[in-house]
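Colleague: Return atomic coordinates for the entry below.
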Amino acid sequence: MLRDRLLLEYETIQTSNFESFETLTKLLISGEDHRFYYHFGFDIIAILRAFRNRLIYDKIEGASTIEQQLIRVLTNDFERTLRRKIQEILLSTTIASIIPKSSIPKVYLNIAYYGSDMNGLNQTFLKLKLNITDKISLDQAAEIVSRIKYPEKLKQNKQRLTQIEIRKKHLIQLYNKHSTRRYFKIYA
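Modeller: Take a look at the predicted model:
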């Protein structure tokens, strides 16, 4: 069932004439998983960092890769348990054997939750009054990707809009940093 849903979503992006996938994908990789092309579905460095920060600083932080986030959305399992996390890691290692690794961020972007009435890119573009077939600016793309971490609430509040704006600026900063890297290629 998971395999079928993944293939269906992959087919959807293959037939899409969406112009801005490249910019959105680069922003997603920069902000969520800059080692995306250097791991097999889970990032042991991020897992160890999160584990260390939890033990030493009592700070909770994420270590999920784009593959793991995609699995979470596809299975609709957001339970915060070790069992779910282990299952997510195991499943994330198989995604690239089903669809090309370079398509994984696009599939995730296409079905991600961006906020109230914004399930997937089509609804998000409609709500933000953007045309999905037009190329959007880096600023607009960063604003969309920011909503993955800070989904827009049904009733807008200033705090959430501030979080989105700060995240947008941070994503653009990371995008610019990763675009100019000489030795460690972030984007395929």
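
Colleague: So Ile29 sits against Tyr187, correct?
Modeller: Yes - between Ile29 and Tyr187 there is a contact at 6.4 Å, judged by CB atoms under 8 Å. (Each C-beta comes from the backbone N, C-alpha and C, glycine too.)

Colleague: who touches both of the two?
Modeller: Residues touching both Ile29 and Tyr187 (CB atoms under 8 Å, 6 or more residues apart in numbering): His178.

Colleague: nearest residue to Glu152 other than its sequence neighbours?
Modeller: Nearest residue to Glu152 in three dimensions, chain neighbours excluded: Gly115, at 3.0 Å (CB to CB, 6 or more residues apart in numbering).

Colleague: tally of neighbours for Thr162?
Modeller: Thr162 has 11 neighbours, counted by other CB atoms under 10 Å.

Colleague: where does it land in three-state SS?
Modeller: Here Thr162 is recorded as helix under DSSP: H, G, I helix; E, B strand; the rest coil.

Colleague: Model confidence score at it, please.
Modeller: With respect to pLDDT, Thr162 scores 96.

Colleague: Mind jotting down where the strands sit in the chain?
Modeller: Here the chain has its strands, by DSSP state E, at 113-115, 118-119.
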